[in-house]
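Q: When you get a sec, could you give me coordinates for this:
(one chain, ligands or ions: 1)
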Amino acid sequence: MKKVIGIDLGGTSIYGGLINEKGEVLKKASQVTGSQGGRTVVINKIMEVIKELIEGGKVEAIGLGSPGFIDVKKGEVLTIGGNIKGWAGTKIREELSKEFRGIPIFVENDANVAAVCEEWLGAGKGLDSFIMLTLGTGVGGAIFSKKSGIWYGKNYQGAELGHTILYPNGRLCTCGQKGCVEQYISGNAVEKTYLELTGERLEGKDIFKNYETDKNCKKAIDKFVADLGTYLISIKNIFDPEGIIIGGGVINSKEFWWEKTIDYYYHNCNNPKGTEILPAKYLNDAGMIGAAKVAFDNI
Ligand SMILES: [Zn+2]
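A: Below you'll find the model as predicted:
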């Protein structure tokens, strides 16, 4: 069976897997990204992960999911490079090809590879169309339909769902806009709300834990639920997809907010039926598996 390498490049860690045509992860490797070290450091770390995976075996291709606007044809990062210092403008394919000659390399946006993974093996399997929201440090978005595949937009800058605006003149976003969705439904959004309410910092997991006993924890989570629920209603009204899949690290705490969010959506949406809201099936491995699938699809 053919094997490829799938790489999930994040702001904190790089996870790689040797993956077969069934999507089984045969071997894993990881490195700390070293985001603050800049482009050369990060490229070298990616190479280390690939070298560890490639040892003693033949791979057909390498797929990589990266933060930022990605020109998938050229395999390079455009004007925005996410949380990695100096990442914008990096010619990923060209850099990696210097070391791994003769192995085809494919680069894709990180939210898109997560969606590809869900479409292949996870919650999106069999769906005619779906929108994927990845709630992590930031908020990633992907738009998929069977008919047209992944939506890129004219300049590979489409589907940036995290940077649609929820509150005019709201919280300042890393992208420079104010009030972006990302500032209200990402992993640290409840922490920000709690800080605004109390002037004190509390970790997200403790805010969730104290939902029943602390009124400010409750307020912070209720706001998250209302913001996410509201955003789901907008997505439903814009796309009317068969499914909306929610993934990313925030899913790990879903016992505290999932049902409330679905209730909010059903009670406030003009026409909530016909669109299923689903949790992603793959969390930690979604990036590497999706990146591997991108590689398989292109060879
Ligand atoms: Zn933004």
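
Q: Can you give the contact residues for stretch 105-113?
A: 6, 8-10, 61-70, 72, 75-76, 82, 92-93, 96-97, 116, 132, 134, 140-142, 150, 156, 159, 286-287, 290-291, 293-295, 298 (Cβ atoms under 8 Å, 6 or more residues apart in numbering). Bear in mind the C-beta positions are built from the backbone N, C-alpha and C, glycine included.

Q: repeat that for 7 Å
A: 9, 61-67, 70, 72, 75, 92-93, 96-97, 132, 134, 140-142, 150, 287, 290-291, 294-295, 298 (Cβ atoms under 7 Å, 6 or more residues apart in numbering).

Q: Quick one: end-to-end length of it, please.
A: End-to-end distance for stretch 105-113, by Cα to Cα, to the nearest Å: 14 Å.

Q: Find the nearest non-adjacent residue to E48, please.
A: Excluding its sequence neighbours, the residue lying closest to E48 (Cβ to Cβ, 6 or more residues apart in numbering) is Q31, at 5.6 Å.

Q: got a list of what that neighbour touches?
A: I14, K45, E48, V49.

Q: where does it land in three-state SS?
A: strand (DSSP: H, G, I helix; E, B strand; the rest coil).

Q: Likewise for E52?
A: The local conformation at E52, judged by three-state DSSP, is helix.

Q: can you tell me how far it sits from the ion?
A: 35 Å (Cβ to the ion, to the nearest Å).

Q: hang on, that residue packs against S30?
A: No: contact criterion Cβ atoms under 7 Å: E52 and S30 do not qualify, at 9.0 Å.

Q: So which other helices or strands are in contact with the helix or strand of the chain with the lowest mean pLDDT?
A: None of the helices or strands of the chain scores lower by mean pLDDT, DSSP states H and E than helix 204-209, at a mean of 89. Packing partners of helix 204-209 (3 or more Cβ pairs under 7 Å, 6 or more residues apart in numbering; DSSP states H and E): helix 189-198, helix 215-239.

Q: can I get those helices in TSV with mean neighbour count and distance to the ion?
A: Below are the helices and strands packed on helix 204-209 laid out as TSV (neighbours: other Cβ atoms under 10 Å; distance: least, Cβ to the ion, whole Å):
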stretch	mean neighbour count	distance to the ion
helix 189-198	19	13
helix 215-239	19	13
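
Q: Just send those helices back as TSV, with mean pLDDT too.
A: Converted to TSV, these look like this (pLDDT from 0 to 100):
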stretch	mean pLDDT
helix 189-198	95
helix 215-239	97
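
Q: Let me know which of those is the nearest to N20.
A: Ranking these by their distance to N20 (criterion: Cβ to Cβ) puts helix 215-239 first, at 33.1 Å.
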